[in-house]
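> Sequence and computational prediction follow.
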Amino acid sequence: MELIYFFRIIFRRKWIILGAGLAGVLTAFLLTMNKKPLFKSLAQMSTGFTISEEIKLSDDIFNIPQIDVKFNNVIENINSPKVLNLLSYKLLLHDVGNENPFIKPDKSKWEKNELLRGLNNDSVRRLLNEKYASMQLLRSNVKAEKQLLELMKEYGYDLDNIRKYLYVARFQRTDYINIVFRSESPDLSAFVVNNLIIEFQRYYDAFRRERSVESMVALDSVVKKRKAELDEKINAKSRYLDDSVVTTIDPNLVGANKLSQISMYESALAEEISRVQSLNYQIEQIDLQLKALGDAPVSTNSNTDNQEYFRLRKEYNDLYDKYVKQGASDPDMKARLDELQRKMRLAAPTGNINTDNSSLTNAQRNSLQQTRIDLEGRLRSANSKISFYRSKLAEAGSFIATASPEKSGRLEQLDKEIEVAMLEYSNAKERLTLASNINETGVYNFKQTLYGQPALKPEPSKRLIIMALAGFSGVVITALVFIFLAYIDQSIKTPLQFQRLTGLPLLGTINMVNLKAANLKEQVTQVEGGDAHRNNAFRELLRKLRFEIESSGKRIILFTSTEPQQGKTTLMQALAFSLSLSKKRVLLVDTNFCNNDLTVYNDAKPTLENYSAQGLKLDASEVKDMITNTGVENVDIIGCKGGDYTPTEILPKDHLLNHLQEFLQQYDFILLEGAPLNGFTDTKELSQYADGILAIFSATAEIKPADKESIKYFRTVKSKFLGAVLNKVDNKDINL
């Protein structure tokens, strides 16, 4: 179907389409008439997902799919009922009992609500504080909590209402998440976006702590298992030495209990190695926190103070190493270490700060720096102990190897097993330390980078845009409905559609005519004189068809159709009347035995079935008695009785149709009407008597499978088939 056809359909129903658009504009106007202005506030949060502070040995540093999943998880958590309920509690706590609430509900409605009747503000605030502190959801099966849910709806702080005006999304392909909220109060919008980030961080921290506790329970059992395996390896070595080496070792060594010392050294070495890994990790975490706090502010302390601090620190480290080497049991050294540590705290840089950072940030930085100093001291101590234990083990091992060289291979194997078990134990303890540090420090990378501010003016209402879109949508949807109806409509309708569906040549088109206003004879033959305009479309189209018939050279023409009610009878008479206007004599022969409307309309004599010619020529007097005048000059008709029979079954042997050539001496054209092809064979039997065949199709009909079979027949009689006439075409579809 051509696009021009759709455009014509839309243009034909333009007033309905425009009316639908106008209705859309009016509806949008009514819906937005009482819409209150909204104030927008924006807050932004950095996630740290795209920033890696870790040193990795592989190239897999920036995994975009995993980062996208992390962003989706964060956005889903922010929009989760758990976080939004915490925000709702905070909003309700702000408004209940406050002289300047964000929203002032109509309390007159509360009297009609049984749940809100007699509600006490103190009990509401107490229950809200309990739920907020415990991070629990309200339950609808508890009356007091159900009252709070109903109260949230009255204030507009329920989940559905908050989500309606809340927008959370990643800002393009960056590390930031934008949180936007619109409300009728600018202060409310700013409060929501800022506190939503706070509640999310609180929820996220609690979630991580819960997971770390679960991890610690699982990892603790792994650490105990690895420690038991390590002890078993050390005991195995001790038993071997007791059983195999004791006979070859110096009795003084055995007497001094060197074997038990070796076992003690190995166990202590494993503990210190594990402690070193834990301390290294804790120092890394403190460095990350210090980096997150930013560079240390410039201090106004003198260089002398700084030098004093570093001198004390060096003295402390040297004394601590000496204290460890001597067994960490000298009380005088321990007192001196405590005194040096006290002096270091007093000498630490704490001068005036030349930046705008708060005192809280400075305190956090100083605390972290002091903690780092303590950890470094413990790390140096642990490294010293490791060196001490390894030297002692080396001495004992060399002595044993010297005393019993044939057993040294077995001892080396046991040492390797102990080393592997020690490594596994250290790794398990490091993972346990990691989980415990998450619980202790709560380190995460979420940071609010943009704080929401109350808007100075409301957001544009965009009322005109909404109305324009509503009107445009009404126009487009209505037009699409009409196009869809036209598309699913399988009727022929237009000449272009007819040729596409049938592939038959179209000889002419005839428009729909109202025969109730004037009969057919008046429509065709009543020609007005004078200066009257030629505006009778039906007559003009008949003239075009008449010209095609006259130009074809065919004089005996059979009118047929595929289905009944296609307008054969009317069109046949109209064409005959039009031919009479051009001074042509026309004889109509009603050969449609299944429906002899042509005979009935013209009140013709039903003589066709009874007439049988006598001899080779027709008897003029008998022929004259058979013919009936139609009341129109030059147009006559021969009628039939009609019945349940075909031409070959009812017509005599020497019937009238055999002598149609003789009638051409008196008439210019002889028009025959046949029964529909789909249900009857009359047309095929009559085709032998006609020079030309004309198929009539109604524009209101549809092309069915049976019609396609009849169309195939028209292609088999190409020499006689003149073409098709599309009848009953809507005046607006004539040119399509």
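Yep, it's here. As the structure is a prediction and not an experimental result, all values here were calculated from the model.
> Just after the helix or strand T560 falls within, pick out the following helix or strand.
For T560, the enclosing helix or strand under DSSP states H and E is strand 556-561. Toward the C-terminus, strand 556-561 is succeeded by helix 568-581 as the next helix or strand (DSSP H and E).
> could you give the angle of whichever helix or strand comes after that following helix to strand 556-561?
Past helix 568-581, heading to the C-terminal end, the next element that is a helix or strand (DSSP H and E) is strand 586-590. Direction vectors for strand 586-590 and strand 556-561, defined by axes from the mean of the first three to the mean of the last three C-alpha atoms, to 10 degrees, enclose an angle of 50 degrees.
> Name the surrounding residues that touch strand 586-590.
By C-beta atoms under 8 Å, 6 or more residues apart in numbering, the residues outside strand 586-590 that reach it are 572-573, 576, 579-580, 596, 598-599, 602, 604, 608, 627, 630, 634-640, 656-657, 660, 663, 666-673. Just so you know, the C-beta spots here come from the backbone N, C-alpha and C atoms, and that holds for glycine as well.
> Just the buried subset of the residues you listed, written out for ChimeraX, thanks.
Selecting just the buried residues from the contacts of strand 586-590 in ChimeraX takes one command, with 16 or more other C-beta atoms under 10 Å as the test:
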select :572,573,576,579,580,596,598,599,602,604,608,627,630,634,635,636,637,638,639,640,656,657,660,663,667,668,669,670,671,672,673
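> Just the ones in strands from the contacts of strand 586-590, please.
Per DSSP state E, strands hold the following members of the contacts of strand 586-590: V635, D636, I637, I638, F669, I670, L671, L672, E673.
> what's the spacing between the first one and F498?
In other words, V635. Per C-beta to C-beta, to the nearest Å, V635 is found 29 Å from F498.
> List of residues touching the strand holding T560?
Among residues not part of strand 556-561, those counted as contacts by C-beta under 8 Å, 6+ apart are 549, 568, 571-572, 660, 664, 669-677, 683, 686-687, 689-697, 722.
> Try it again at 7 Å.
With contacts defined as C-beta atoms under 7 Å, 6 or more residues apart in numbering, strand 556-561 is touched by 549, 568, 572, 660, 669-674, 676-677, 683, 686-687, 689-697.
> Show me what that strand pairs with in its sheet, parallel or antiparallel.
Each strand paired with strand 556-561, and its direction, by DSSP bridges: strand 669-673 (parallel), strand 692-698 (parallel).
> Alpha carbons of the shortest one, as PDB, please.
Going back to what we said before, that points to strand 669-673. C-alpha atoms of strand 669-673 as PDB (Å, rounded to 0.1, in the frame of the first residue of the first chain):
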ATOM      1  CA  PHE A 669     -23.900  -3.200 -28.700                       C
ATOM      2  CA  ILE A 670     -25.300  -6.300 -27.100                       C
ATOM      3  CA  LEU A 671     -24.700  -6.500 -23.300                       C
ATOM      4  CA  LEU A 672     -25.100  -9.900 -21.500                       C
ATOM      5  CA  GLU A 673     -25.200 -10.400 -17.800                       C
END
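> next structured bit after that strand?
Following strand 669-673 toward the C-terminus (DSSP H and E): helix 682-686.
> Mind listing what's buried along that following helix?
In terms of neighbour count (16+ other C-beta under 10 Å), helix 682-686 has its buried residues at D682, T683, K684, E685, L686.
> is it true that the first one touches G674?
Right, the one you point to is D682. Yes: with contacts defined as C-beta atoms under 7 Å, D682 counts as touching G674 at a distance of 5.1 Å.
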